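Asker: build the 3D model from these lines:
(chains A and B)
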Amino acid sequence: MIGIWVLAHREVLRFLRQPVRLLGSLAQPLLFWFFMGAGFAESFSGGGTGYREFFYPGIVLMLMLFAAIFSTITLIEDRNAGFLQGVLVAPVSRLSLVLGKVAGGTLIALGQAVVFLCFAPLAGIPLGATAVLNLILLFALVGLGFTGMGFTIAWLMDSVAGYHAVMSVVMIPLWLISGALFPVEGAAGWLALAMRCNPVFYAQVLIRKGFYHDLPALAGDPEFLQALLVSAGWAAATVAASLWVVYRRPETS
Amino acid sequence: MSSQPFIAITDLSHTYPGKRNTPEQPALVGVSLEVEAGAKVALLGPNGSGKSTLLKVLMTSLRPSRGRVCIAGLDLGRQPDLIRRQLGVVFQKPALDARMTVWENLVAAGRLYRIPRLQLGERLGGLLAHLGLSERQHTLVGALSGGLARRVELARALLPRPPLLILDEPTTGLDPVARREFWRQVEELRGETPMTVVLTTHLLEEAEGCDRVAILHRGRVLAYDKPAALQRQVGAEVLEVRGDDPEQLGRELGDFLGVRAQVVDQAVRLSLAGPTSLDALLARFGARIKALSLAHPSLDDVFVQLTGERLKPAEAAA
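Answerer: The predicted model follows:
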């Protein structure tokens, strides 16, 4: 337990001590949201919703994905020359190591997403205290899945460049076809199918619905429940995969 | 104490699996070593000799392909978690978080070893004072000089009061003053709490200060003994002669002195069993000799005798 706390705490501390990372984590999604929101505003017909509003939950999802990527990318260098060397030879279980790192990454992603909620009124989505609380729970689950995925990939990589490649061809495309940019309803058949096979799609459903409805109301929504189930399964699977890769490849170099 | 060694390594071998462009690589071949409790042992060898691999096995970060290692009576293959409680490690590359302060780094490390909070504060205070770090405890590690950062690494390793301290080239990159200071502090702390120390180094004087030295070459242990005993094996003195055509000169010198000559790095080396007068040698060969030195054997000489190679080519004069 204590190992989890030490590692998660360190993760958050590091994040807060990097002002550029802190600034970039908010500026980048803001710019994306602003420019893409403006660019697609005229051509988008989303059943009464403007594109800036439609895209807002999607950009929150992107922000969380990037937060998870940046907090797990440090694993690659940390393992060979850094803090993690000491953790690996300390009496800390491999489960604590994984959970600590994943919890830290999730907290950072969650924190960033919550700060970004300040812009929700600009998107035309009014949020009350209950809605924010509900969203925090959903963000935690989504962040866990993203960070777990990042951990598994990072642990298998020998170089940061390799991770970047996977990020460009796997992780970002998963977001592109998650329904964050365009609704699944308007997509071509093959694309809609691909979207529904994508775990990030279900994270998108969770968050989008969380912006408009309270959890008790969503308890009767089969689409939401399906997304909840898939996201919970995805989070569990990625954490299990992280643990598996750590056991399978224990060497530090 | 029983006669059981603190570390017992039996027939240890490790082969790194091949990758796309690199073939399989045997890093350790049938290594057997015993280290008694409280001893300070150096693993000496050039890059690629297997010393880092052996250290990685001892610190539980690498599962060996074959062989058995027992530390403090615990089987490394079966009880790595229990062995980790016995270890303090100073890594070759920094293992501190540069964005955290000295204090934060050490508290994090201490908590990973489950040192109770109250005890941790007390121990840390003492250790920092001892290592002359008290005034720097709230400095970010990234802002420390190389020597100070190494001292923090040492503090991190010593915090759990480990029975076994593993040092992987701990003084690499330090200037001679910082290096001496580092070892002085290790020795002082070792005086207070008995510890077994295993280290790798490429500095001869660091190895010479150890109780025992294991000489590694291409994954094998070629010799393992007290430094003085290893040096005695070479002879009383080592004569090194430089001149034109070292092969021919070596043969003649060898015949003249009645010993076998080795040519290493264009220099003729001869191990002499006892004190030898150089007058006769100079009278006969003086004109052909460009440089000559006579010295007590160093561990480098031991290595040369065992392998025909120098431990540190091109740096012998340093």
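
Asker: only the buried residues of stretch A:15-34, if you could.
Answerer: Judged by neighbour count (16 or more other CB atoms under 10 Å in any protein chain shown), stretch A:15-34 contains these buried residues: A:15, A:25, A:29, A:33. To be clear about C-beta, it is placed using only N, CA and C from the backbone, and glycine gets the same treatment.

Asker: got TSV for those, with secondary structure, pLDDT and distance to chain B too?
Answerer: Listed next are the buried residues of stretch A:15-34 as TSV, based on DSSP: H, G, I helix; E, B strand; the rest coil; pLDDT from 0 to 100; distance: CB to the nearest CB, whole Å:
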residue	secondary structure	pLDDT	distance to chain B
A:Phe15	helix	90	9
A:Ser25	helix	87	16
A:Pro29	helix	92	24
A:Trp33	helix	91	29
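
Asker: where is the longest helix in chain B?
Answerer: The helix of greatest length in chain B, counted in residues with DSSP state H as the criterion, is given as helix B:176-192.

Asker: contact partners of that helix?
Answerer: B:40, B:130-131, B:146-147, B:150-151, B:154, B:158, B:165, B:167, B:170-171, B:174, B:195, B:197, B:203, B:206, B:209 (CB atoms under 8 Å, 6 or more residues apart in numbering or on different chains).

Asker: next SSE downstream of that helix?
Answerer: Per DSSP states H and E, helix B:176-192 leads on to strand B:196-201 as the next helix or strand towards the C-terminus.

Asker: sheet-wise, list the partners of that following strand with their directions.
Answerer: As defined by DSSP bridges, the strand partners of strand B:196-201 come to strand B:40-44 (parallel), strand B:164-168 (parallel).

Asker: switch those over to TSV; also include mean pLDDT and mean neighbour count.
Answerer: Putting the strands paired with strand B:196-201 into TSV (pLDDT from 0 to 100; neighbours: other CB atoms under 10 Å in any protein chain shown) gives the following:
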stretch	mean pLDDT	mean neighbour count
strand B:40-44	94	25
strand B:164-168	95	23
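
Asker: take the ones you listed and write them to JSON lines, including distance to A:Gly162.
Answerer: JSON lines is the format used below for the strands paired with strand B:196-201 (distance: least, CB to CB, whole Å):
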{"stretch": "strand B:40-44", "distance to A:Gly162": "32"}
{"stretch": "strand B:164-168", "distance to A:Gly162": "26"}
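
Asker: number of nearby residues for A:Arg196?
Answerer: Using other CB atoms under 10 Å in any protein chain shown as the criterion, A:Arg196 is surrounded by 15 other residues.

Asker: I meant to write B:Thr193 there.
Answerer: B:Thr193: 11 surrounding residues under other CB under 10 Å.

Asker: can I assume B:Met98 is in contact with B:Thr139?
Answerer: Not quite, residue B:98 is Ala, not Met. No - because the distance of 11.0 Å does not satisfy CB atoms under 8 Å, B:Ala98 is recorded as not touching B:Thr139.

Asker: from chain B, how far out is the nearest residue to A:Phe70 once chain neighbours are set aside?
Answerer: Across the structure, with CB to CB, 6 or more residues apart in numbering or on different chains as the measure, the residue nearest A:Phe70 apart from its sequence neighbours is A:Arg21 (6.8 Å). The span separating A:Arg21 from chain B equals 11 Å under the rule CB to the nearest CB, to the nearest Å.

Asker: C-alpha coordinates for the helix or strand encompassing A:Arg21, CSV please?
Answerer: Using DSSP H and E, A:Arg21 sits within helix A:19-40. This file holds the C-alpha atoms of helix A:19-40, laid out as CSV (Å, rounded to 0.1, in the frame of the first residue of the first chain):
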residue,chain,number,x,y,z
PRO,A,19,5.6,24.6,-15.2
VAL,A,20,5.9,24.1,-19.0
ARG,A,21,4.2,20.7,-18.8
LEU,A,22,1.5,22.2,-16.6
LEU,A,23,0.9,25.1,-19.0
GLY,A,24,1.1,22.9,-22.1
SER,A,25,-1.4,20.4,-20.7
LEU,A,26,-4.0,23.1,-20.7
ALA,A,27,-2.9,25.3,-23.6
GLN,A,28,-2.8,22.5,-26.2
PRO,A,29,-6.4,21.2,-25.7
LEU,A,30,-7.6,24.8,-25.5
LEU,A,31,-6.0,25.7,-28.9
PHE,A,32,-7.2,22.5,-30.5
TRP,A,33,-10.7,23.2,-29.2
PHE,A,34,-10.7,26.8,-30.3
PHE,A,35,-9.3,26.3,-33.8
MET,A,36,-11.1,23.1,-34.7
GLY,A,37,-14.3,24.4,-33.1
ALA,A,38,-14.1,27.5,-35.2
GLY,A,39,-13.1,25.6,-38.3
PHE,A,40,-15.9,23.0,-38.3
